[in-house]
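need a structure here:
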Amino acid sequence: MNKPYKQKVSVSLDEDIIAEIKELAENDDRSFSQYINLVLKEHIAKIKGREE
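Numbering: from 1, shown residues only. Take a look at the predicted model:
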């Protein structure tokens, strides 16, 4: 099974958010990008759950 295609995007984040995400990602043994994907997927699932 192929992994889903990843697309590069550019976003501007506050420095304190970047520092927090980097620390959380490191503690979870993930890359910065992997951690952001995880957090966004969880957030989307949570929001969609509220809509149903």
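
And for stretch 8-17, what's in contact with it?
Under the contact criterion C-beta atoms under 8 Å, 6 or more residues apart in numbering, stretch 8-17 has outside partners Ile21. Every C-beta, even on glycine, is put in place using the N, C-alpha and C of the backbone.

switch to numbering from 47
Renumbered: residue one is now 47, and that last one reads stretch 54-63.

what's the longest helix in the protein?
When secondary structure is assigned using DSSP state H, the longest helix within the chain turns out to be helix 78-97.

buried residues in that helix?
Along helix 78-97, the positions that meet the burial threshold by neighbour count (16 or more other C-beta atoms under 10 Å) are Tyr81, Ile82.

So for the residue nearest the centre of the chain, what's the pLDDT?
With the centre of the chain defined as its mean C-alpha position, the nearest residue by C-alpha atoms, centre = their mean is Ile82, 1.6 Å away. In the prediction, the pLDDT value recorded for Ile82 is 97.
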